[in-house]
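> sequence and predicted structure are below.
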Amino acid sequence: MTWLLQNIGIVKSLHIIFMVSWFAGLFYMVRLFIYSVEASEKEEPDRTILTQQFEIMQRRLWWIISTPAMVLTLVFGILMLWAVPSFLQQLYMHLKLGFVLLLLIYHFISQKIYFDLSRGKFHWSSGALRIWNEVATLLLVIIVFIIVLKDSTNWIYASIGFMALALLLLFAIKMYRAVRKKD
């Protein structure tokens with residue numbers, strides 16, 4: 001425990017590094033889902049070639065980067081909470097952990113999508129997956145704001161900014177769809 005307290009900065013750094021890796025994996029994985037859905041609509045032989053390549057990329061990304069990064073993010077986060085249990089007495093930490101729980105749910109829903117796609121089941125459209133991809137962005141933004149601001153007064157502004165970002169992302173997705181339909 002003494003070593004852990006003396007090196008809490010290292011533990012926090014590793015927590016942040018693996019959190020960044022986890023989000024990068026989630027962002028790219030859902031992008032690969034979009035490509036897979038769009039590839040399934042192509043003519044042969046393109047459909048088979050692209051589908052096989054995306055399956056390889058998804059498997060490697062999910063099991064070599066995304067899931068290990070999730071596990072290590074949680075391990076280093078738990079180590080910090082164990083070393084400094086007073087974090088659990090702070091409201092901001094309860095809020096952060098609530099959003100981390102939502103992120104875990106997002107991760108496992110994405111894993112279900114991955115399993116479905118690997119079995120050739122396309123339950124999501126590419127448009128729905130584009131919106132799904134932005135959920136991770138919103139979770140990232142809110143978790144970072146919670147940790148950086150910690151102050152309840154700033155939460156009013158952070159919440160307004162969060163909602164504005166969500167609306168901006170939805171607007172950007174609609175604009176992107178309109179541009180794609182023209183092409």
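In hand now; what should we look at?
> so, low pLDDT: which residues of the protein?
151-153, 155-156, 183 (pLDDT under 70).
> Lys12: how many residues sit nearby?
Counted with other Cβ atoms under 10 Å, the neighbours of Lys12 add up to 16. Any C-beta I mention is one placed from the backbone N, CA and C, and that applies to glycine too.
> now Ala24. Nearest residue, chain neighbours left out?
Closest residue to Ala24 apart from its sequence neighbours, by Cβ to Cβ, 6 or more residues apart in numbering: Ile65 at 7.5 Å.
> what's near enough to touch the one you found?
Contact partners of Ile65, counting by Cβ atoms under 8 Å, 6 or more residues apart in numbering, are 21, 24-25.
> in helices, which of those fall?
21, 24-25 (DSSP state H).
> closest one of those to Phe122?
Using Cβ to Cβ, Gly25 comes nearest to Phe122 of the ones in helices among the contacts of Ile65, at 21.5 Å.
> might one say that that closest one is in contact with Arg60?
No: at 10.4 Å, Gly25 and Arg60 do not qualify as touching, with contact defined as Cβ atoms under 8 Å.
> residues making contact with stretch 17-37?
Contacts for stretch 17-37 (Cβ under 8 Å, 6+ apart): 50-51, 54-55, 57-58, 61-62, 65-67, 69-70, 72-73, 76, 106-107, 110, 113-114, 117, 122, 124-126, 129-130, 132-133, 136-137, 140.
> how about 6 Å then?
The contact list for stretch 17-37 (Cβ atoms under 6 Å, 6 or more residues apart in numbering) reads 54, 57-58, 61, 65-66, 69-70, 72-73, 113, 117, 122, 126, 129, 132-133, 136, 140.
> filter those to the buried ones?
54, 58, 61, 65-66, 69-70, 72-73, 113, 117, 122, 126, 129, 132-133, 136, 140 (16 or more other Cβ atoms under 10 Å).
> helices of the chain, start to end?
Using DSSP H, helices in the chain cover 2-6, 8-39, 46-60, 67-83, 91-118, 126-149, 152-182.
> so how far is the second one from its chain's centroid?
Counting by Cα atoms, centre = their mean, to the nearest Å, helix 8-39 is centred 6 Å from the centre of its parent chain.
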